[in-house]
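K.L.:
Structural data only, the sequence is not supplied:
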């Protein structure tokens, strides 16, 4: 007898649900939602930068080891979707080149204090009624054996420790990696690419346990929700939401009911 697969919960799913349960429904539950999703320039920009940095930190990829190669790789892998005009797209490409150039130059000049173990790696942790999953940009092993989860942010103007402590994804990644690297201290680092700044934190065992309990309660709420009878509720983000035409079809949805 085939055992049914456990449902999966990711930081993206939880963040979407917290922002708007209806948006979660159209994104992950109701297949009609996929026809209304539009490309976003900020997603394209971030994807383009991530692709280059993944190759730069991948020891098995010998094609992006210099600043010039990194800039060339950005041009080759540049995602054009979502920009309002050619001018806007070219301006973003110019900014992207500056970011990549500066990042690679500084990385090559800095002393080597860590070894990259994985890039763009999916990890899983079975939590009983569901599996927590997360795709991590990069995992480093620091001198001394500590593990560092590195996440790139292309849209932030800066980052500090409070940002990390309030970041659901980074907390989830630490919880997942805690099982994969038992006995190791786990760090979470966010690099704000535009601002060329970074911050790191390591949660205590007690902090991670509290997050685990809160996260599991949220996950169960999502999985047990009666989506078939879900009624969309107007929120401040509705006017710019891709799914507004779908919500407008529901007789109980009124945009002015916020």
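P.N.:
Yep, that arrived. This is a predicted model, so every value here is computed, not measured. Numbering: from 1, shown residues only.

K.L.:
from here on, contacts and neighbour counts on C-alpha atoms
P.N.:
Fine.

K.L.:
how about residue 165, what does it touch?
P.N.:
171, 201 (C-alpha atoms under 8 Å, 6 or more residues apart in numbering).

K.L.:
Next, give phi and psi for it.
P.N.:
Per-residue torsions, residue 165: phi -70, psi -20 (degrees, to the nearest 10).

K.L.:
distance of it from residue 146?
P.N.:
Residue 165 sits 18 Å away from residue 146, taking C-alpha to C-alpha, to the nearest Å as the criterion.

K.L.:
And for residue 98?
P.N.:
Residue 98 is 31 Å from residue 146, by C-alpha to C-alpha.

K.L.:
Same check on residue 239?
P.N.:
45 Å.

K.L.:
who has more neighbours, the two?
P.N.:
Remark: of residue 239 and residue 146, residue 146 carries more neighbours, 15 against 11, as counted by other C-alpha atoms under 10 Å.

K.L.:
what helix or strand is residue 125 on?
P.N.:
strand 114-126 (DSSP states H and E).

K.L.:
So which residues of the stretch 51-200 of the chain form helices?
P.N.:
Taking DSSP state H, counting those that start in this stretch, the helices of the stretch 51-200 of the chain run over residues 67-77, 86-109, 161-165, 168-180.

K.L.:
Deepest-packed of these, please.
P.N.:
Of all those, helix 168-180 has the most neighbours on average by mean count of other C-alpha atoms under 10 Å, namely a mean of 20.

K.L.:
what about the closest residue to residue 238 other than its chain neighbours, how many residues close to it?
P.N.:
In space, and not counting its chain neighbours, residue 238 is closest to residue 244: 6.2 Å by C-alpha to C-alpha, 6 or more residues apart in numbering. Applying other C-alpha under 10 Å, we find 18 residues neighbouring residue 244.

K.L.:
now do residue 119
P.N.:
By other C-alpha under 10 Å, neighbour count at residue 119 equals 20.

K.L.:
Surely it and residue 57 touch.
P.N.:
Yes - assessed by C-alpha atoms under 8 Å, residue 119 is found in contact with residue 57 at 7.2 Å.

K.L.:
of all the helices of the stretch 51-200 of the chain, which lies closest to residue 154?
P.N.:
With distances scored as C-alpha to C-alpha, the stretch of those nearest to residue 154 is helix 86-109 (9.2 Å).

K.L.:
Report the distance from that closest one to the chain centre.
P.N.:
Relative to its chain's centre, helix 86-109 lies at 20 Å (C-alpha atoms, centre = their mean, to the nearest Å).

K.L.:
now swap in stretch 122-131 and tell me
P.N.:
For stretch 122-131 - counting by C-alpha atoms, centre = their mean - the centre lies 17 Å from the chain centre.

K.L.:
still on that earlier bit, ok, the residue nearest to residue 238 to residue 78 distance?
P.N.:
Residue 244 sits 29 Å away from residue 78, going by C-alpha to C-alpha.

K.L.:
Over to residue 255?
P.N.:
In terms of C-alpha to C-alpha, residue 255 sits 37 Å off from residue 78.

K.L.:
Quick check: pLDDT value at residue 2.
P.N.:
Confidence at residue 2, expressed as pLDDT, is 63.

K.L.:
Could you do residue 195 as well?
P.N.:
Residue 195 is assigned 88 on the pLDDT scale.
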